[in-house]
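*Asks:* here's my sequence, what's the structure:
(one chain, ligands or ions: 3)
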Amino acid sequence: MATAGKVIRCRAAVAWAPGKPLSVEEVEVAPPKAGEVRIKLVTTGICQTDEHLLQGCFPNTEFPVIPGHEGAGIVESIGEGVTSVKPGDKVIPLCHPQCGECSFCRNPETNYCQRSHFSGPQNLLPDKTSRFTCKGKQINHFLWVSTFAEYSVVPEYAVAKIDAAAPLDKVCLFGCGFSTGYGAAINTAKVKAGSTCAIFGLGGVGLSVVMGCKAAGAARIIAVDINKDKFAKAKELGATDCINPRDFKKPIQEVITEMTGQGVDYSFEAIGHADTMITALASCNMNTGVCVMIGVTDSEISINPTLLLTGRTWKGTMFGGWKPRDSIPKLISSYLEKKFNSDLLITHTLPFAKVNEGFELLRAGKSIRSILLF
Ligand code: PAD
Ligand code: ZN
Ligand code: ZN
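*Replies:* Ligands and ions are numbered 1, 2, ... in the order given. Presented below is the predicted three-dimensional model:
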């Protein structure tokens, strides 16, 4: 493309400091170095993890930064040595990489990659430099992908090439929310047919868990949220019961235990609060129950060890357990074959300039997923 090898000037939403609205600015995006890919983003979703970042609660991140990690786009140019994608390919930038070389990537039992942000900050690309500047200042990357920019540079091992037929304004959800929630049920919990499940938090992630539980053949899917406006969508996606903890005097884990006899087989926390993580754990049955934590918090948790002593399993999930470069293209093929309908999670589509409005909708509990179009 004519822009290959050149600095591109384009729009991006910059977070200059925690707790401040995003500022849509003109930024400069340097060309990709060896092993990197420059992507022209077509669309991006807004996830609660971006909100954690804006509030200054995301670990290992320094401001100013370009947030966003649920994007879809087209390869604009590639750096030296890149072989798996070429200009013009449709791609999903991956906030959870798959380097293919580390011991975890080589282990079929896990999707964690040692180059993930839990192993080291992703404010800068792996060579410890940024490709973004704005008003003469260096701007940080977020999770390497920074999808709130018209162009972004990412390492090759944080890009998945997808089917050319995929509608980018829909499949951007596979870059985080849908894949995470659906995979938490299918891969991490390994929900069995006929089982009972409880999902705490009915945002884009929690509702994707509902879809995963339904696809796995769960017999009863109990959806829990303090915002009853989320219940209609949860029912549409497969929830059999919807409950609001504020409608009960007794703790919700006791309500769920009474509803199911012993507690559910699988529980999921898709909120990101320490107290609901403990509640989700106590809601699965005391012996064979499995609780999966999805929500992100840096708060400490204190539990009575008896909760685990009797046999419960407590696990976390990153990116729904998918090895992303291998799995996201296949998951998108299943979407194209209409095996599930993740489009139902999209409640708002806004022009990119309205990015702050998208966050207001999320904060007010009015959206599931807002999609921004560049
Ligand atoms: P969201 O804000 O769209 O949804 C959260 C839902 O929780 C909302 O419907 C709230 O009403 C509900 N809620 C809030 N408090 C309570 C409560 N006390 N009891 C019951 N319901 C409550 O967020 P999201 O779906 O975008 O993300 C959910 C979490 O998952 C968030 O912490 C995010 O950072 C995390 C996440 N984790 C991964 C991962 O790989 N582990 C990936 C993506 C997102
Ligand atoms: Zn996310
Ligand atoms: Zn790896």
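
*Asks:* the closest residue to ligand 1 within the chain: how many residues sit nearby?
*Replies:* Per Cβ to the nearest ligand atom, Gly203 is where the chain lies closest to ligand 1, at 2.0 Å. The C-beta positions use only the backbone N, C-alpha and C, and glycine is treated the same way. Applying other Cβ atoms under 10 Å, we find 24 residues neighbouring Gly203.

*Asks:* what separation do you get for it and Ile271?
*Replies:* Relative to Ile271, Gly203 is positioned 8 Å away (Cβ to Cβ, to the nearest Å).

*Asks:* with adjacent residues omitted, what lies nearest to the residue nearest the centre of the chain?
*Replies:* Among the residues of the chain, the one closest to the centroid is Cys176, at 2.8 Å (Cα atoms, centre = their mean). Among residues not flanking Cys176 along the chain, Glu70 sits closest, at 4.3 Å (Cβ to Cβ, 6 or more residues apart in numbering).

*Asks:* count of neighbours near Ala185?
*Replies:* Residue crowding around Ala185 was assessed by other Cβ under 10 Å; the count is 29.

*Asks:* doesn't it belong to a helix?
*Replies:* Yes - judged by DSSP: H, G, I helix; E, B strand; the rest coil, Ala185 forms part of a helix.

*Asks:* these two touch, right, it and Ala216?
*Replies:* Yes - between Ala185 and Ala216 a contact is recorded at 5.9 Å, counting by Cβ atoms under 8 Å.

*Asks:* quickly list what's touching both of these two.
*Replies:* With contacts taken as Cβ atoms under 8 Å, 6 or more residues apart in numbering, Ala185 and Ala216 have Val191 as neighbours in common.

*Asks:* report the buried residues of stretch 309-324.
*Replies:* Arg312, Trp314, Thr317, Met318, Phe319, Gly320, Gly321, Trp322, Lys323, Pro324 (16 or more other Cβ atoms under 10 Å).

*Asks:* want to throw the residues you listed into a markdown table with secondary structure?
*Replies:* Shown next, in a markdown table, are those (three-state DSSP):
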| residue | secondary structure |
| --- | --- |
| Arg312 | coil |
| Trp314 | strand |
| Thr317 | coil |
| Met318 | coil |
| Phe319 | helix |
| Gly320 | helix |
| Gly321 | helix |
| Trp322 | coil |
| Lys323 | coil |
| Pro324 | helix |
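
*Asks:* closest to ligand 2 out of those?
*Replies:* Nearest to ligand 2 out of these is Phe319 (Cβ to the ion; 8.9 Å).

*Asks:* return the residues in contact with that closest one.
*Replies:* By Cβ under 8 Å, 6+ apart, Phe319 lies in contact with Cys95, His96, Asn111, Cys176, Ser179, Thr180, Gly183.

*Asks:* just the buried residues of those.
*Replies:* For these, a neighbour count by 16+ other Cβ under 10 Å gives the buried set as Cys95, His96, Asn111, Cys176, Ser179, Thr180, Gly183.

*Asks:* for ligand 2, what is the nearest residue in the stretch 101-250 of the chain?
*Replies:* Of all residues in the stretch 101-250 of the chain, Cys176 sits closest to ligand 2, at 3.3 Å by Cβ to the ion.

*Asks:* that residue and Trp322, how far apart?
*Replies:* Cys176 is 11 Å from Trp322, by Cβ to Cβ.

*Asks:* same thing with Ile92?
*Replies:* To Trp322, Ile92 is 11 Å away according to Cβ to Cβ.

*Asks:* list residues touching both of the two?
*Replies:* Contacts common to Ile92 and Trp322, judged by Cβ under 8 Å, 6+ apart, are Ile328.

*Asks:* let me see the mean pLDDT of the stretch of helix or strand Glu357 belongs to.
*Replies:* Element membership for Glu357 (DSSP states H and E) is helix 355-363. Helix 355-363 carries an average pLDDT of 98.

*Asks:* in it, which residues are buried?
*Replies:* Residues of helix 355-363 classed as buried: Val355, Gly358, Phe359, Leu361, Leu362 (neighbour count, 16+ other Cβ under 10 Å).

*Asks:* near ligand 1, from those residues?
*Replies:* Taking Cβ under 6 Å from any ligand atom as the test, ligand 1 is in contact with Leu362 out of those.
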